[in-house]
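Undergrad: Below are the sequence and a predicted model; questions follow.
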Amino acid sequence: MQTNKIRRVTKVANVLCTVSRVKEIDKIARARPHMAVYVQVDCTGRVTRNGAPAREVADLVKLARARELDVRGLMTVAPPDESGAREAFHITSDLADELDLLERSMGMSDDLELACEFGTTEVRVGRALFGPRTEH
């Protein structure tokens with residue numbers, strides 16, 4: 001999420017699902033104390049992907065809790081290949097267990113069955129419901 005949009009988004013959203021930086025946590029906590037959030041985990045290591053590296057997630061969750069945010073769970077977007085997705089879901093699920101988080105937002109239209117094997121509690125299936133995005 002772009003930090004310049006946080007104040008506007010927190011006025012209308014009940015849950016933010018893509019928190020991955022200290023700056024975002026601080027702005028959300030100031031704009032809306034006790035806001036529900038998911039910390040996004042990046043299991044790919046690619047600079048172009050959103051999310052915090054798995055090794056930083058525990059510290060982000062701890063900080064968010066210290067700022068009195070309601071950390072509901074973790075979210076990840078897996079790589080497109082099955083072995084990469086399997087690893088991403090395994091890492092995210094293990095982290096959620098370690099951090100005592102019940103919610104896991106893992107899986108999209110192409111990998112939702114695999115995400116279910118790893119205990120996802122939410123899937124994002126927009127393309128399966130609405131079809132591919134179209135260029136305007």
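TA: Cool, got the structure.
Undergrad: Isn't Arg65 up against Asp59?
TA: No. In this structure, Arg65 is not within contact of Asp59 by CB atoms under 8 Å, at 10.8 Å. Any C-beta I mention is one placed from the backbone N, CA and C, and that applies to glycine too.
Undergrad: those strands in this protein, which residues are they?
TA: 15-19, 36-42, 52-53, 70-76, 103-108, 122-124 (DSSP state E).
Undergrad: Pipe those into a markdown table and attach mean neighbour count, distance to Asp26 and mean pLDDT per row.
TA: As requested, the strands of the chain are exported to a markdown table (neighbours: other CB atoms under 10 Å; distance: least, CB to CB, whole Å; pLDDT from 0 to 100):
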| stretch | mean neighbour count | distance to Asp26 | mean pLDDT |
| --- | --- | --- | --- |
| strand 15-19 | 19 | 11 | 91 |
| strand 36-42 | 24 | 12 | 96 |
| strand 52-53 | 16 | 14 | 94 |
| strand 70-76 | 23 | 14 | 97 |
| strand 103-108 | 24 | 22 | 93 |
| strand 122-124 | 17 | 26 | 86 |
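Undergrad: remind me, longest helix of this protein?
TA: If you go by DSSP state H, the chain has its longest helix at helix 82-98.
Undergrad: rewinding a little: got the strands of the chain as a markdown table, with distance to Ala96 columns?
TA: Shown next, in a markdown table, are the strands of the chain (distance: least, CB to CB, whole Å):
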| stretch | distance to Ala96 |
| --- | --- |
| strand 15-19 | 14 |
| strand 36-42 | 9 |
| strand 52-53 | 14 |
| strand 70-76 | 5 |
| strand 103-108 | 5 |
| strand 122-124 | 12 |
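Undergrad: ok, Val19 - contacts?
TA: 1, 25, 28, 37-40, 60, 64 (CB atoms under 8 Å, 6 or more residues apart in numbering).
Undergrad: please redo it, this time with the cut-off set to 7 Å
TA: 25, 28, 37-40, 64 (CB atoms under 7 Å, 6 or more residues apart in numbering).
Undergrad: Not counting its neighbours along the chain, what's nearest Gly125?
TA: Check again: residue 125 is Val, not Gly. Closest residue in space to Val125, ignoring its immediate chain neighbours: Ser109 at 4.9 Å, by CB to CB, 6 or more residues apart in numbering.
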